[in-house]
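Novice: give me a model of this one.
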Amino acid sequence: MFPTRVCDLVEAPESRERLGELRPAASTSALRLRGLCKQFGDQVVVDHLSSSLPAGAVLEIVGGRSAGKSTLVAMVGGLLPPDEGVVEVFGIDIWAAPALPAGLVGLLSDDAGLPGDVVGRDWLRWVGLSRGMAAATLARRMETVVRQCGLRGLDGGVVGRYTPGMRKRLQLAAALLDGPRLLLLDEPFAQVDALSAALMQTVLTRYRADGGTVVLTSPAVAEVGPRLVAPRSAPARLLTPDAILDLDAAAARG
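Specialist: The predicted structure is shown next:
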């Protein structure tokens, strides 16, 4: 039986481990974009975008369909090289560096790559091992993120039987697994039930309180109404953005 209330999923604050094994914030920006460009064929998706975000802040990137939100997250997350420009994460040019340091960036994107026939905990273990985490560290971190993301009751079920909200919580656990300094979330609340959304808000708020930096994308306001609106069952501690980057407005100005 799965929990049905937020309080069933979130343990008491005094019992929790820090979500991110975060180093003290450096004086440099957490994220700096300089002249970032990406084009697919004749379509310019990201056009000379420049922006910066201080450590410990929350940036919400909004835009309609095909505005370039997922493309931008992929470039920042090291998945898609830009055609031009520089992406710096805590002072590291990620496309010039030979390899990204462990625990620098955590990424939540769409769930197309989630295997349907694997137990969630086994998939998390594979993710940690693929990142080179030591066995003892991985075991400890898995217990932390499984507890924090309300996944304890899912140990016996395969991912293909999870609801969309459960799958997003599993992806969030994977993104947090090695204690990243920067968390990238591509439409994390899309198709998520109210209970999962409330829990994810709580987890992300705690992550930020522990010193983490968050970049998340959301659909345009005209498509879905107000951004980051918590369900009525959500706890009072909510994640709210410090800055909003509107890709539609940026394209109009460009």
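
Novice: number of nearby residues for residue 134?
Specialist: Neighbour count of residue 134, defined by other CB atoms under 10 Å: 10. (C-beta placed from N, C-alpha, C; glycine too.)

Novice: for it, give me the pLDDT.
Specialist: Among the per-residue scores, residue 134 holds a pLDDT of 95.

Novice: would you mind measuring from it to residue 101?
Specialist: Here the criterion is CB to CB, to the nearest Å. By it, residue 134 lies 15 Å from residue 101.

Novice: what of residue 245?
Specialist: Residue 245 sits at a distance of 25 Å from residue 101 (criterion: CB to CB).

Novice: so which of these two has more stuff around it?
Specialist: Using other CB under 10 Å, the more surrounded residue of residue 245 and residue 101 is residue 245, with 20 against 12.

Novice: ok, that one touching residue 52?
Specialist: No. Using CB atoms under 8 Å, residue 245 is not in contact with residue 52, being 10.6 Å away.

Novice: looking at this structure, which helix or strand does the model trust least?
Specialist: Taking mean pLDDT, DSSP states H and E as the measure, the chain has helix 6-9 as its least confident helix or strand, at a mean of 34.

Novice: after that helix, which helix or strand is next?
Specialist: Once the chain leaves helix 6-9, the next helix or strand it forms, by DSSP states H and E, is strand 31-40.

Novice: can you give me how far that next one is from the chain middle?
Specialist: The chain centre lies 19 Å from the centre of strand 31-40; the measure is CA atoms, centre = their mean, to the nearest Å.

Novice: so what secondary structure elements neighbour that strand?
Specialist: Packed against strand 31-40, as judged by 3 or more CB pairs under 8 Å, 6 or more residues apart in numbering; DSSP states H and E, are the following elements: strand 43-53, helix 69-76, strand 84-89.

Novice: out of those, which gets nearest to residue 198?
Specialist: Distances from residue 198 to each of the helices and strands packed on strand 31-40 were compared by CB to CB, and the smallest falls on helix 69-76, at 23.2 Å.

Novice: surely residue 214 and residue 206 touch.
Specialist: No. Using CB under 8 Å, residue 214 is not in contact with residue 206; the gap is 11.4 Å.
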